[in-house]
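Chemist: Using only what follows, build the 3D model:
(chains A, B, C and D)
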There are 4 protein chains.
Amino acid sequence: MIKAGIIGATGYAGAEIVRLLMGHPEVEIKWLGSRSYIDQRYADIYRNMFQIVEDICKDDNLDKLAEEVDVIFTATPQGFCASVINEEILSKVKVIDLSADFRIKDVAIYEKWYGIEHKSPEYIKEAVYGLCEINREDIKKARLVANPGCYTTCSILSLYPLVKEGLIDPSTIIIDAKSGTSGAGRGAKVDNLFCEVNENMKAYGVATHRHTPEIEEQLGYAAGQEIVLNFTPHLVPMNRGILVTAYASLKEKVSYETVKAAYDKYYEKEKFVRVLEKDVCPQTKWVEGSNYVDVNFKIDERTGRVIVMGALDNLVKGAAGQAVQNMNLVFGLDESTGLDLVPMFP
Amino acid sequence: MIKAGIIGATGYAGAEIVRLLMGHPEVEIKWLGSRSYIDQRYADIYRNMFQIVEDICKDDNLDKLAEEVDVIFTATPQGFCASVINEEILSKVKVIDLSADFRIKDVAIYEKWYGIEHKSPEYIKEAVYGLCEINREDIKKARLVANPGCYTTCSILSLYPLVKEGLIDPSTIIIDAKSGTSGAGRGAKVDNLFCEVNENMKAYGVATHRHTPEIEEQLGYAAGQEIVLNFTPHLVPMNRGILVTAYASLKEKVSYETVKAAYDKYYEKEKFVRVLEKDVCPQTKWVEGSNYVDVNFKIDERTGRVIVMGALDNLVKGAAGQAVQNMNLVFGLDESTGLDLVPMFP
Amino acid sequence: MIKAGIIGATGYAGAEIVRLLMGHPEVEIKWLGSRSYIDQRYADIYRNMFQIVEDICKDDNLDKLAEEVDVIFTATPQGFCASVINEEILSKVKVIDLSADFRIKDVAIYEKWYGIEHKSPEYIKEAVYGLCEINREDIKKARLVANPGCYTTCSILSLYPLVKEGLIDPSTIIIDAKSGTSGAGRGAKVDNLFCEVNENMKAYGVATHRHTPEIEEQLGYAAGQEIVLNFTPHLVPMNRGILVTAYASLKEKVSYETVKAAYDKYYEKEKFVRVLEKDVCPQTKWVEGSNYVDVNFKIDERTGRVIVMGALDNLVKGAAGQAVQNMNLVFGLDESTGLDLVPMFP
Amino acid sequence: MIKAGIIGATGYAGAEIVRLLMGHPEVEIKWLGSRSYIDQRYADIYRNMFQIVEDICKDDNLDKLAEEVDVIFTATPQGFCASVINEEILSKVKVIDLSADFRIKDVAIYEKWYGIEHKSPEYIKEAVYGLCEINREDIKKARLVANPGCYTTCSILSLYPLVKEGLIDPSTIIIDAKSGTSGAGRGAKVDNLFCEVNENMKAYGVATHRHTPEIEEQLGYAAGQEIVLNFTPHLVPMNRGILVTAYASLKEKVSYETVKAAYDKYYEKEKFVRVLEKDVCPQTKWVEGSNYVDVNFKIDERTGRVIVMGALDNLVKGAAGQAVQNMNLVFGLDESTGLDLVPMFP
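Modeler: Presented below is the predicted three-dimensional model:
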């Protein structure tokens, strides 16, 4: 059995890791770290876990934790993982970091967009960007996995085949993304109160959202050139789900079949990426609770653009599910172990 | 492997049986019956099942079905199962009926509350009321299981220990129940449109709801006397979840510990009934997607009443989960096989 | 023009007073008090008021305020109004207090249920309980109006005719109430986050909610005897709306017409209480945004009980609308001035 | 008093016209047309109107109606108005058509996108496109007003100053729009059931939605050239509200102030268009129930694009409110008569 520790276990993403690992046949949770709830029973914070999880929340002591477990998930605010990681820890355990600390290779870009100093730039190069469908082989060998952001996963996987195959002009990419409210975390803020979110919708972080450089970097690798794009997130009155609608100009007139072939080339064998059938638009509800990303596209001959759509559950494929998928790869397990989650509808 | 057929597979309860059986290690689905969608691909009706379920919907032919499977689930409107069941079928397969057809022992009461003639009264006596926690031993031997209603399961399990132990005056029972909208089914009705349900709440079926006699009958067995009670259902703007708040006068002044002991007596060893800790009120979200029923109670010394609360997911413990639990019992499997579902929060 | 000041103008109830007074032809707002947002533009806190309200939030200085306005609304936490009210203020302005400070005549009961010391018990006797339909004449002469609670208004108006006419046994009253989340206020609490409330439902304050003694006192006046009852509030995933379902045993067998006549006796001429037609159950959406209370009842001959239902918008008839209705009475205006609000559907 | 008739009075848009006209001091409703509910009491269909509207629904007889009223609102499916309009009617009454029948000047484009034959092309030229802020003077003289679509109003008003002032390259316009579910109407369809919409989000009509040519035509007039653009609508789990996020490339580098000045040039004196302050993003809740459109923009210097946002209530400014605004103009009333609706929050 793989022994796992979770730092930040009482945030929504951390709690989802707990949910998934409870159903994972090869893992046992040994450490539920939560600075806010030290010594409290986990099931008193998340009462869905009553009679399922009996543990007490502990402090965020990574050095001690590294002695006791095989893998550490850090579902923590930006800067935490970079501030505590060290060679000693990495020599003993695998680390899967759900924060942005090791996602961006250029430390200057990280520090600019996140507005904080990076405390461990020496590990950035080593860290592997944990988008399994694209970096599978590197992840298998990694000590430190940078688990991608929720918006990022959805955006990259939706656009990747088009960019990689050179079907679109990368300078024309516009990503309009919509997210359920669990992405905003469990912090007590007026903006996230039920009455403020319900029956409401808004854009936020327009032209400044931190997932932008992460998307640009990863799609840039696929394109083999630098990409600058627009990314606009929106808050939607639902708990879970991200929907991405992206727009780009096709380099030349292409048929549905050509574009479909590009998607199939990369995703036909991917269990967790479902390329929907012609004219079926992804819906967030169809992937809720599961590790799937549903993608599709539509060519608009009038404008010469392709409209790309992607949907995932931000807490599963957008966070905890992908983290478990990465863990499976790192430990040589079947990639989908513990992730055979059938989407729940309705 | 147990071969299963589902009649009414494209209703919400039927679809939930499909979801659960996809994760059941001992069952394979052989027949997805749906009169409305014959010859259509199931995954075109429930697109969450894309690349998961490849089957085509078939007609509701129980005679043919009985040749091909070991168990039939009928998630069909009232009257259907009673109109097609026969000795031939029951001699070949087990039938778990999610409708009300075989729940009520007195056919006159059934016909009065449901307003239809019962077409197979000869099987009512044989049918076992499939509330596993109460009728476990009988279910194991049953050919025909009458799967309880969603409101009913929640109401009975919440009140059972109090009634069985004679702590309350059964003539004072009042059940105020609230349900998410999936309980209303997938039929296209104006009343169930998003804009009619969202930001809205109402009681319905006041003093006339069909689950009333079912609750009265079952609690009557526990009390050893006839019970007449009030049951009021309400529609709430959420997809899943039933919350029951019930009131009854205590026969005499009792302590918290006495009542708690009554609940523990019946539920301590029950995996799927969680008696919450003192002063913790059940919440539907804590059981969503799972087969749990969370129950608790509060004694009001000022009025001499006990307030009982219960929460479950109407599509799981209130329908499909209980049906699978019954199937497990009937086929001698561990009762929780395929039902280790961790509640999803948020 | 009546000059109005609002203390607590940035809570949900205070903001609703602002909304209603902006449409009131006889009132101008002169003071928006908000201790949390002093010197901030009101429209920066409630952006729906952009270009509608230009004022800046001020401190909660009642003495100064009393010099400048004719009426003060205090939409403040329990204890505030009682701690600042004095003869000087009452000699200059009318005060409509939306808190519980002056609702309960027995100061010992207030202090027990609210857990705080009452700082101005000398004004309790003078204060008039502002349930317009019942205390209209007293309100007209009041200096200090205790505006009823939201649950309270709905519960009392739903049951009043039955109690007043002696049709039910008051010792059997059980009130099961359900509320939208705006009743929980705008404070930043984890429990009120979107993801905690959405797709969820729970009872809270079981047997201990502070509106209980208020309902008991007022219904007690109607009954001419002390009443002890059960009141259970529930939180529902919607912004606005309270639905009350109440149960009581009929003293003797009565016809629908008899009970209907009781309701008509008290409400036929009441603009804001709508007694629905036979078998129509109130829905919160039908009164949203308006000052209406919709009520109805159902006799259950099987149990000898009557089930009573009431629905209102907790921020209008349950708070701000009733406060304006009280103000209209106090200042001799037509009671519905500024309150001709057509419910918004959907 | 202006006498008004409403055809399609039991759809959501029609019902919103009823709500608004009940608060309009210069109008009385004389005819509630509803083919589906002939001879039924209107308040039985929309129970929010109990004791407010006493009328019975009548058939859709425009010839008869033209004898009895001064203005007819047709809130009907595409094709209806075109199929019944004639010179006789237009000589007697003003017609404000909420359908698309007279919005598009090129009948071939109408017939292509709507897939039906236009039955009265002879009135297309005369009809005035009822976007008050842009066509005010023409509307005042109109007999037949083509009330704009909900998406259309929001999209055009959000982009108009940029297009009119030539600040953006019109060939780069991409409109990503999100709508509450009332826009889908009150028809009983599975896709619009609560359980299908709640906790879900999707794009639909991608590259094919019928509001596209309407937006293109109107923005084309502003640009003085033909425009082809992308428009993608999305369904969001809320009742009311449209949010538009639009993208376009700036022709040259411009300052915030320059763009702001363009918006102010057209909207500073417009009561119902609120240009928000810098960096404030529109939210649908801030305009709910009102006739406001909130707009704002953000320049992204990295990409050279401007991101434009607009929010309105699809049933008010997107339908009924604009129709009343048009009526006010046609009858020489103050444009905002009956439309001083303060947005309701929360």
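
Chemist: any idea how chain A splits into domains?
Modeler: A:2-126, A:151-313 (automatic domain parsing).

Chemist: got any ranges where chain A has weak pLDDT?
Modeler: Residues of chain A that meet the criterion pLDDT under 70 are absent altogether.

Chemist: residues from it in reach of chain C?
Modeler: A:12, A:181-182, A:186, A:188-190, A:192-199, A:237-239 (CB under 8 Å from any CB of the partner chain). (C-beta placed from N, C-alpha, C; glycine too.)

Chemist: Whichever of these end up buried, select them in ChimeraX.
Modeler: Buried subset of those, written as a ChimeraX selection, criterion 16 or more other CB atoms under 10 Å in any protein chain shown:
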select /A:12,181,182,186,192,193,194,195,196,197,198,199,237,238,239
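
Chemist: sec struct for A:Val308, please.
Modeler: strand (DSSP: H, G, I helix; E, B strand; the rest coil).

Chemist: contacting residues around it?
Modeler: A:Ser158, A:Leu159, A:Leu162, A:Val244, A:Thr245, A:Ala246, A:Tyr247, A:Ala248, A:Val295, A:Asn296, A:Phe297 (CB atoms under 8 Å, 6 or more residues apart in numbering or on different chains).

Chemist: mind listing the strands for chain A?
Modeler: Taking DSSP state E as the test, the strands found in chain A are A:2-7, A:27-33, A:71-74, A:94-97, A:128-129, A:144-146, A:174-179, A:202-203, A:230-235, A:242-249, A:273-275, A:293-300, A:305-312.

Chemist: Just put the ones you listed in CSV and tack on distance to C:Glu67.
Modeler: Shown next, in CSV, are the strands of chain A (distance: least, CB to CB, whole Å):
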stretch, distance to C:Glu67
strand A:2-7, 57
strand A:27-33, 57
strand A:71-74, 58
strand A:94-97, 60
strand A:128-129, 66
strand A:144-146, 63
strand A:174-179, 50
strand A:202-203, 41
strand A:230-235, 44
strand A:242-249, 55
strand A:273-275, 69
strand A:293-300, 64
strand A:305-312, 60
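
Chemist: Can you measure across stretch A:83-100, start residue to end residue?
Modeler: 13 Å (CA to CA, to the nearest Å).

Chemist: Off-centre distance for that stretch?
Modeler: Between the centre of stretch A:83-100 and the centre of its chain there are 18 Å (CA atoms, centre = their mean, to the nearest Å).

Chemist: and if you look at stretch A:6-17?
Modeler: 14 Å.

Chemist: That one close to chain B?
Modeler: Yes. Using CB under 8 Å from any CB, stretch A:6-17 reaches chain B at A:Tyr12, A:Ala15.

Chemist: can you list contacts of that stretch?
Modeler: Residues contacting stretch A:6-17 (CB under 8 Å, 6+ apart): A:18, A:21, A:29, A:31-34, A:36-37, A:42, A:45-46, A:57, A:60, A:62, A:65, A:72-77, A:80, A:98, A:182, A:185-186, A:315-316, A:319-321, A:323-324, B:345-346, C:195.

Chemist: helices or strands next to the helix ranked longest in chain A in the packing?
Modeler: Longest helix in chain A by number of residues, with DSSP state H as the criterion: helix A:150-164. Using 3 or more CB pairs under 8 Å, 6 or more residues apart in numbering or on different chains; DSSP states H and E, the elements in contact with helix A:150-164 are helix A:132-140, strand A:174-179, helix A:211-223, strand A:230-235, strand A:242-249, helix A:256-267, strand A:293-300, strand A:305-312.

Chemist: Quick one: residues in contact with the third one.
Modeler: Contacts to helix A:211-223, defined as CB under 8 Å, 6+ apart, come from residues A:100, A:103-106, A:109-110, A:113, A:129, A:131, A:134, A:148-149, A:151-152, A:155-156, A:159-160, A:163-164, A:166, A:170, A:173, A:175, A:226-229, A:231, A:233.

Chemist: which of these count as buried?
Modeler: A:100, A:103-104, A:110, A:113, A:129, A:131, A:134, A:148-149, A:151-152, A:155-156, A:159-160, A:163-164, A:170, A:173, A:175, A:227, A:229, A:231, A:233.

Chemist: contacting residues for A:Thr284?
Modeler: A:180, A:238, A:240-243, A:311-313, D:199-202.

Chemist: now, which of these lie close to chain B?
Modeler: Okay, of the contacts of A:Thr284 touching chain B (CB under 8 Å from any CB), that's A:Arg240, D:Glu199.

Chemist: So what's the residue count around A:Glu88?
Modeler: 11 (other CB atoms under 10 Å in any protein chain shown).

Chemist: so who does it touch?
Modeler: Counted by CB under 8 Å, 6+ apart, A:Glu88 has contacts A:Asp63, A:Ala66.

Chemist: Distance-wise, check it relative to D:Gln322.
Modeler: As judged by CB to CB, to the nearest Å, A:Glu88 and D:Gln322 stand 67 Å apart.

Chemist: ditto for A:Leu20
Modeler: From A:Leu20 to D:Gln322 the distance is 49 Å (CB to CB).

Chemist: what's the nearest residue to A:Pro148 if we skip its chain neighbours?
Modeler: Nearest residue to A:Pro148, sequence neighbours excluded (CB to CB, 6 or more residues apart in numbering or on different chains): A:Leu131, at 5.1 Å.

Chemist: Quick check, the one you found in contact with A:Cys154.
Modeler: No. Applying CB atoms under 8 Å as the test, A:Leu131 and A:Cys154 come out as separate, 10.9 Å apart.

Chemist: Common neighbours of those two, please.
Modeler: Common neighbours of A:Leu131 and A:Cys154 are not found (criterion: CB under 8 Å, 6+ apart).

Chemist: Could you tell me the angle between the longest helix of chain A and strand A:230-235?
Modeler: For helix A:150-164 against strand A:230-235, the angle by axes from the mean of the first three to the mean of the last three CA atoms, to 10 degrees is 150 degrees.

Chemist: Centre of the chain to helix A:150-164, how far?
Modeler: On the basis of CA atoms, centre = their mean, the separation between the geometric centre of helix A:150-164 and that of its chain is 12 Å.

Chemist: Between helix A:211-223 and it, find me the angle.
Modeler: Using the same axes, to 10 degrees: helix A:150-164 against helix A:211-223 is 30 degrees.

Chemist: and the angle from helix A:150-164 to helix A:256-267?
Modeler: Using the same axes, to 10 degrees: helix A:150-164 against helix A:256-267 is 120 degrees.
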